[in-house]
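1. structure for the following, please:
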Amino acid sequence: METFGARLGRLRREKGLKRYDIAEPLGVDAETIARYEREEREPKVSDAVAIANILGVSIEYLATGIASPLKHSMYAYSADDRIVVPVLSSSDSYNIIPSTDTISVSTEHILIPKTLIGTIQPQNPPFAFIARDRSFEKFAVREGSYVVINPAERVANFDIALVFYKGKLTLKRPQYTKSGALYLFSGSNSDAIYVPAEDASDAKEFKIVGKAVAYQFEETKKIYHNI
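-> Here you go, the predicted structure:
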């Protein structure tokens, strides 16, 4: 069975590329690519996605050799049933409601087990949001953590969710009311934000983007599901 390194070398040669041609866009040297091909090192997820783009194949095909070699997928399964989740890393993307267009241009990715994601819908793909404050440290979500958001999962009362309100994306725990209004809580039960029914019904003003299903510490890369 063809290994990742052998597949990388074969695809590179078929494209008529030198190792340097792949190394330069990644900011590494040609020897690093040689080590990937010799199975002495594994690339970071973001570098593997970049290599797949350079070679003109999907990350699925580069990782497993099974999926279509031509079709690129925004969320790709690896051999051990993990999913490549794009990360919203641009500051501008934190001021708008995420869409498939803004998610698809992400240059940073993380690997998350598929079983932790839940329902997957191609039109509402999962993505990661970087926690930019300490409001959810009570739930072990540290500042700088990657929080995986799944728009396809239902958000119940007090679930941690990514919410867009008044031009800003933030993590909150919504509480629904019979009137159509909502309360948005942070990691503690204090300082709830009240969202009037008229705001909650305005898609340009307010949206519950998706449920937080997992998070990953930036420092250790450990993945946690109890969120």
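
2. okay, now the unreliable bits of the chain?
-> For the chain, the stretches flagged by pLDDT under 70 are 67-81, 90, 92, 189-190, 218-227.

3. can you map out the helices along this protein?
-> Secondary structure of the chain (DSSP state H): helices at 4-14, 19-26, 30-37, 45-55, 59-64, 100-104, 114-117, 197-200.

4. got these as a markdown table, with mean neighbour count and distance to Y176 columns?
-> Just so you know, the C-beta spots here come from the backbone N, C-alpha and C atoms, and that holds for glycine as well. Shown next, in a markdown table, are these (neighbours: other Cβ atoms under 10 Å; distance: least, Cβ to Cβ, whole Å):
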| stretch | mean neighbour count | distance to Y176 |
| --- | --- | --- |
| helix 4-14 | 17 | 46 |
| helix 19-26 | 16 | 46 |
| helix 30-37 | 18 | 49 |
| helix 45-55 | 20 | 36 |
| helix 59-64 | 22 | 38 |
| helix 100-104 | 14 | 26 |
| helix 114-117 | 16 | 24 |
| helix 197-200 | 14 | 9 |
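
5. kindly reformat these as a markdown table containing distance to K166.
-> Listed next are these as a markdown table, based on distance: least, Cβ to Cβ, whole Å:
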| stretch | distance to K166 |
| --- | --- |
| helix 4-14 | 45 |
| helix 19-26 | 38 |
| helix 30-37 | 45 |
| helix 45-55 | 32 |
| helix 59-64 | 36 |
| helix 100-104 | 19 |
| helix 114-117 | 29 |
| helix 197-200 | 8 |
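
6. of these, which is nearest I83?
-> In this view, the helices of the chain are compared for proximity to I83 by Cβ to Cβ, and helix 114-117 is the closest at 4.9 Å.
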